[in-house]
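1. coordinates only, sequence not included:
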């Protein structure tokens with residue numbers, strides 16, 4: 001049951017990140033740096049969910065944090 005809840009919420013976070021990309025692209029102000037920032041923040045927000053929902057037992061949060069950190073580092 002907890003896995004289903006985790007999958008549901010992480011998908012919601014991913015779609016909010018995708019929506020942010022579309023909004024910025026629609027306004028015409030989407031840059032590579034801005035895109036990487038949105039992606040990085042989306043991955044970090046996605047990493048918070050398994051960290052708390054599984055109490056750190058599922059190590060996907062670590063991978064998601066690393067991906068988010070790399071995206072934010074590349075955006076700088």
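-> Looks like it came in fine. Model, not experiment: these values are computed from the prediction.

2. contacts and neighbour counts: CA atoms only from here.
-> Will do.

3. which residue ranges of this structure form helices?
-> With helices called from DSSP state H, the chain shows them at 2-27, 32-53, 60-75.

4. list of residues touching the last one?
-> Looking back up the chat, that one is helix 60-75. Contacts with helix 60-75, where a contact means CA atoms under 8 Å, 6 or more residues apart in numbering, come from 32-34, 36-37, 39-44, 46-51.

5. report the buried members of these.
-> 34, 36-37, 39-44, 46-51 (16 or more other CA atoms under 10 Å).

6. can you tell me the closest non-neighbouring residue to residue 43?
-> Closest residue to residue 43 apart from its sequence neighbours, by CA to CA, 6 or more residues apart in numbering: residue 68 at 4.8 Å.

7. same question, residue 20
-> Leaving out its chain neighbours, the residue that sits closest to residue 20 by CA to CA, 6+ apart is residue 38, at 7.2 Å.

8. residue 10 and residue 42: what is the separation?
-> 10 Å (CA to CA, to the nearest Å).

9. just residue 31 next, same as before
-> Residue 31 is 16 Å from residue 42, by CA to CA.

10. go on, residue 60?
-> 14 Å.

11. okay, now the unreliable bits of the chain?
-> 1-2 (pLDDT under 70).

12. rerun that using 90 as the cut-off
-> Applying pLDDT under 90 to the chain flags residues 1-10, 29-30, 49-61, 76.

13. need phi/psi at residue 57.
-> phi -70, psi -30 (degrees, to the nearest 10).

14. residues in contact with it?
-> Contact analysis of residue 57 by CA under 8 Å, 6+ apart lists residue 51.

15. how near is it to residue 51?
-> Per CA to CA, residue 57 is found 8 Å from residue 51.
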